[in-house]
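>>> Need coordinates for the below:
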Amino acid sequence: MGKRIEELLGQLGLDTPFGHQAEDVRQSEWFQFVGEIDELANSDDYAFALDTLLGIRETVEHTKRVTDGQRRAIDNIAASRRGPKPGRTSGRRRYEGWWR
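The predicted model follows:
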């Protein structure tokens, strides 16, 4: 019987069939950045920026990198939280338009 692939790789000093260590994608900057975007996108406080959040998320997932502009945009969105004000039950103003 022949040797198993793990034995052959061990003899060659390789950890994977491709000759390099497999990277844990969860530790990469872009993956963690997507997690930050998901937290904002799943919050009603940032619904006003949902299109922007999802667009940046899609681009980051496709390119697997984060630009300074994307980082600034997400930081600005996070800083401009539009949730309920303290003492209010909702973040929206009451409509006081035309009444008959």
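
>>> Please look at R81 and D44 and confirm they touch.
No: with contact defined as CB atoms under 8 Å, R81 does not reach D44; the gap is 10.4 Å. C-beta: built from backbone N, CA, C; applies to glycine.

>>> what about R26, distance to D51?
27 Å (CB to CB, to the nearest Å).

>>> Point me to the helix or strand that includes R65.
Assigned by DSSP states H and E, R65 belongs to no helix or strand.

>>> show me what contacts the residue lying closest to it once chain neighbours are set aside?
Ranked by CB to CB, 6 or more residues apart in numbering and with sequence neighbours excluded, the top spatial neighbour of R65 is W30, at 5.7 Å. Shown in contact with W30 (CB atoms under 8 Å, 6 or more residues apart in numbering): 60-61, 63-66.

>>> Any idea which helix or strand in the protein has the lowest mean pLDDT?
helix 5-12 (a mean of 70; mean pLDDT, DSSP states H and E).

>>> Toward the C-terminus, what is the element adjacent to that helix?
Next element after helix 5-12 (DSSP H and E): helix 29-41.

>>> C-alpha coordinates for that following helix, CSV please?
Extracted C-alpha coordinates of helix 29-41, given in CSV (Å, rounded to 0.1, in the frame of the first residue of the first chain):
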residue,chain,number,x,y,z
GLU,A,29,-8.9,42.7,7.9
TRP,A,30,-11.5,42.6,5.1
PHE,A,31,-13.5,39.8,6.8
GLN,A,32,-13.6,41.7,10.1
PHE,A,33,-14.6,44.9,8.3
VAL,A,34,-17.5,43.0,6.7
GLY,A,35,-18.6,42.0,10.2
GLU,A,36,-18.6,45.6,11.3
ILE,A,37,-20.7,46.5,8.2
ASP,A,38,-23.1,43.7,9.0
GLU,A,39,-23.6,45.0,12.6
LEU,A,40,-24.6,48.4,11.3
ALA,A,41,-26.7,47.0,8.5
